[in-house]
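S.K.: pasting the sequence and the predicted model now:
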Amino acid sequence: MKASVSDQNNLIELQRIDTAIMQATHKLKTLPEHEQLTAIQTRLAGSAELLATAEVQLTDVTIDLRRSEVDVESVADRMAKDEARMSNGSTSPKELEQLQHEIATLAKRKAELEDSELEIMMSADGAKEKVEIIKRDEEGLKQLELEINVRLENGVAELEREIQLKKSERTLLTPKIEIGLIDLYEKIKSNGGGIGAALLIGSTCDGCRLVINAVEMERIKSLEADEVLRCEECRRILVRI
Ligand SMILES: [Zn+2]
């Protein structure tokens with residue numbers, strides 16, 4: 001096959017454009033933000049579970065606390081009533097003794113209940129703090145998610161712009177190359193991992209990076225400049241510099 005030197009050079013330019021499109025398309029699919037977002041979503045799901053558990057604990061301990069407050073109040077009420085009876089002056093000495101005894105028992109009970117109330121209060125504070133910490137973490141994660149989404153959108157837009165630009169360059173370039181050469185290039189490119197044409201640098205094929213043997217190099221040198229070369233190893237179109 002024959003093609004002008006200009007066609008062959010344009011083909012190398014076309015390869016550069018296609019490689020750039022291929023790389024940008026690959027980048028688009030593998031932007032690190034995709035993975036980061038997945039990781040954040042996993043953490044958010046974990047956080048939602050933790051929050052649900054912590055909120056149930058907080059509700060339980062709040063109910064315990066109210067119950068304990070009611071217990072303390074009822075003992076305090078009974079003590080107040082007993083004290084009122086004692087001070088109204090109409091109680092007999094025996095009743096007075098009974099009341100004193102009951103008040104002492106109630107005071108002891110009240111102290112115990114207050115101790116337990118204090119413990120529950122501390123648990124309630126702990127549970128509240130836990131809920132707040134999880135919520136703060138969640139807010140932080142959501143903020144980060146927003147930021148990454150913005151970065152992702154910008155990254156995608158930039159790469160799409162680049163791909164669009166390269167595609168326009170391609171549209172302008174292809175009519176300058178003989179169709180037969182392009183067809184051959186496309187065929188090799190689809191089987192050759194996106195590379196259809198490569199430069200011959202010294203005696204190395206820039207497509208497969210293998211050195212061409214001396215005999216083949218001699219043959220290449222004897223060929224006209226418009227002869228389309230193919231690498232013996234990778235079969236790609238070789239363009240002489
Ligand atoms: Zn090669």
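M.R.: Cool, the structure landed. Residues are numbered from 1 along each chain as shown.

S.K.: use CA for all of it now, contacts and neighbours both
M.R.: Noted.

S.K.: off-centre distance for stretch 233-240?
M.R.: 42 Å (C-alpha atoms, centre = their mean, to the nearest Å).

S.K.: ignore the last one, stretch 197-215
M.R.: With C-alpha atoms, centre = their mean, you get 43 Å for stretch 197-215.

S.K.: now stretch 176-187
M.R.: Worked out by C-alpha atoms, centre = their mean, stretch 176-187 lies 43 Å from the chain centre.

S.K.: with stretch 82-90 instead?
M.R.: Relative to the centre of its chain, stretch 82-90 is centred 72 Å away, using C-alpha atoms, centre = their mean.

S.K.: residue boundaries of the helices in the protein?
M.R.: 5-29, 32-87, 93-173, 179-191, 214-222 (DSSP state H).

S.K.: mind checking which of those is nearest residue 198?
M.R.: Among the helices of the chain, the nearest to residue 198 by C-alpha to C-alpha is helix 5-29 (6.7 Å).

S.K.: now what about that closest one, what contacts it?
M.R.: 155-156, 159-160, 162-163, 166-167, 169-170, 173-174, 176-178, 182, 194-199, 225-226, 228, 239 (C-alpha atoms under 8 Å, 6 or more residues apart in numbering).

S.K.: ranking the helices of the chain by burial, who's on top?
M.R.: Of all the helices of the chain, helix 5-29 has the most neighbours on average by mean count of other C-alpha atoms under 10 Å, namely a mean of 18.

S.K.: what's the angle from that one to helix 93-173?
M.R.: Per axes from the mean of the first three to the mean of the last three C-alpha atoms, to 10 degrees, the angle that helix 5-29 makes with helix 93-173 is 170 degrees.
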